[in-house]
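Q: Attaching a predicted model along with its sequence, questions to come.
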Amino acid sequence: MGKALMTRKDVPSGGLVHERDKKEMVIRKDLKKEISHVLISSTYLHERIRGLAEEIIRDARRKKAKELQVVIVLKGAAGFANILAQDIFKAGGPPIRFNYIKVSSYGKDVVSSGHVRIAGQLPYVRDKDILIVDDIVDTGLTLAKLKSYLLDERGASSVKICALLDKRARRLPELRRKLRIDYVGFRVPDMFVAGYGIDCAEHLRELPYIVAVNEEYFRKKQAKKKGR
Ligand code: IMP
């Protein structure tokens with residue numbers, strides 16, 4: 001596949017499905033109610049993650065970094081971070097130190113609660129250059145809080161951010177300029193997405209591609225649960 005695909009970022013609301021992945025467009029019968037359509041098929045995901053790995057390696061070489069200190073945001077970014085790390089290895093990048101952190105703002109709801117909680121052990125942060133790896137940036141609140149936590153409370157010397165997906169249209173106005181996402185996999189439209197590690201109320205993480213979820217279905221399901 002050509003270089004052009006590796007840097008392609010903007011995803012139309014109808015989706016980006018590679019020729020090779022046509023079969024992924026056929027939604028499994030038992031998931032038809034939950035999924036609206038495929039938004040990014042697996043070939044595009046893999047191509048772009050390889051592109052991200054190259055960008056990260058290029059910057060690490062420029063900084064003469066001996067290793068990469070990565071902070072992976074659980075649970076959504078775990079799978080993506082593994083693939084990214086393997087691609088960095090395959091492309092000859094520096095060794096990687098894995099750190100995991102749990103940041104929650106959504107709980108089991110499809111709308112943000114606006115609260116951000118941080119939990120997890122981070123032994124390698126002080127005076128280090130950190131790369132946060134996250135699944136998706138929405139309002140930007142979670143990453144803004146995490147970044148300032150690492151810099152101000154944990155004494156990291158610098159913090160960069162890599163996110164597989166960016167819903168830029170949803171960014172809080174005050175964070176639009178302030179929160180820089182250094183490495184963006186894809187810019188996605190303002191729709192609720194799942195798959196490739198990303199959940200919708202703890203469903204659909206295991207999908208090997210990204211889908212637009214049927215928000216109406218999940219809303220009704222949650223309303224039913226709350227009414228119980
Ligand atoms: P933010 O603080 O509004 O930027 O929210 C970021 C977090 O919200 C992500 O790490 C996800 O856990 C969650 N999130 C935002 N949009 C979606 C989505 O479309 N699907 C699933 N989770 C999402």
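A: Cool, got the structure. Residues are numbered from 1 along each chain as shown.
Q: what residues are up against the most centrally placed residue in the chain?
A: With distances taken as Cα atoms, centre = their mean, residue 135 lies nearest the centre of the chain, 1.4 Å away. Contacts for residue 135 were tallied using Cβ atoms under 8 Å, 6 or more residues apart in numbering; they are 73, 76, 77, 80, 163, 164, 165, 196, 197, 198. Just so you know, the C-beta spots here come from the backbone N, C-alpha and C atoms, and that holds for glycine as well.
Q: Against which helices or strands is the helix or strand harbouring residue 82 packed?
A: Using DSSP states H and E, residue 82 sits within helix 78-90. When contacts are defined as 3 or more Cβ pairs under 8 Å, 6 or more residues apart in numbering; DSSP states H and E, helix 78-90 sits against helix 42-62, strand 68-74, strand 96-104, strand 129-137.
Q: what residues does the chain put near the ligand?
A: 76, 105-106, 112, 134-142, 192-194, 198, 200 (Cβ under 6 Å from any ligand atom).
Q: Specify the next element, helix or strand, located C-terminal of the helix or strand of the chain with the lowest mean pLDDT.
A: Least confident helix or strand, the chain: helix 3-7 with a mean of 47, by mean pLDDT, DSSP states H and E. The C-terminal neighbour of helix 3-7 among helices and strands, as given by DSSP H and E, is strand 35-40.
Q: Tabulate the helices and strands packed on helix 78-90 in a markdown table, adding columns for distance to residue 206 and mean pLDDT.
A: Putting these into a markdown table (distance: least, Cβ to Cβ, whole Å; pLDDT from 0 to 100) gives the following:
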| stretch | distance to residue 206 | mean pLDDT |
| --- | --- | --- |
| helix 42-62 | 13 | 97 |
| strand 68-74 | 16 | 95 |
| strand 96-104 | 19 | 89 |
| strand 129-137 | 14 | 97 |
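Q: can you redo these as TSV with distance to residue 173?
A: Output for the helices and strands packed on helix 78-90, formatted as TSV (distance: least, Cβ to Cβ, whole Å):
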stretch	distance to residue 173
helix 42-62	27
strand 68-74	23
strand 96-104	22
strand 129-137	15
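Q: Ok, which of these comes nearest residue 208?
A: helix 42-62 (5.0 Å; Cβ to Cβ).
Q: Packing partners of the closest one?
A: helix 3-7, helix 78-90, strand 158-166, strand 183-187.
Q: List the contacts of it.
A: 1, 5-9, 16-18, 20-21, 24, 68, 80, 83-84, 87-88, 90-94, 131, 160, 162, 164, 182-183, 185-186, 196, 208-210.
Q: Kindly report the same for stretch 124-132.
A: So stretch 124-132 is contacted by 56, 63, 65, 68-71, 73, 97, 99, 143, 146-147, 150, 154-162 (Cβ under 8 Å, 6+ apart).
Q: swap in stretch 25-38?
A: 14-15, 17, 21, 24, 41, 191, 194, 200, 203-204, 209-215, 217-218.
Q: What residues are bridge-paired with the nearest residue to residue 98 once chain neighbours are set aside?
A: Excluding the flanking residues, the one nearest residue 98 by Cβ to Cβ, 6 or more residues apart in numbering is residue 70, at 5.9 Å. Beta-bridge pairing for residue 70 (DSSP bridges): residue 98, residue 131.
Q: Let me know which of the helices and strands packed on helix 78-90 is the nearest to residue 177.
A: Here strand 129-137 is closest among the helices and strands packed on helix 78-90 (Cβ to Cβ), at 14.2 Å.
Q: Verify the contact between residue 67 and residue 94 for me.
A: Yes. Counting by Cβ atoms under 8 Å, residue 67 does reach residue 94; the two are 5.1 Å apart.
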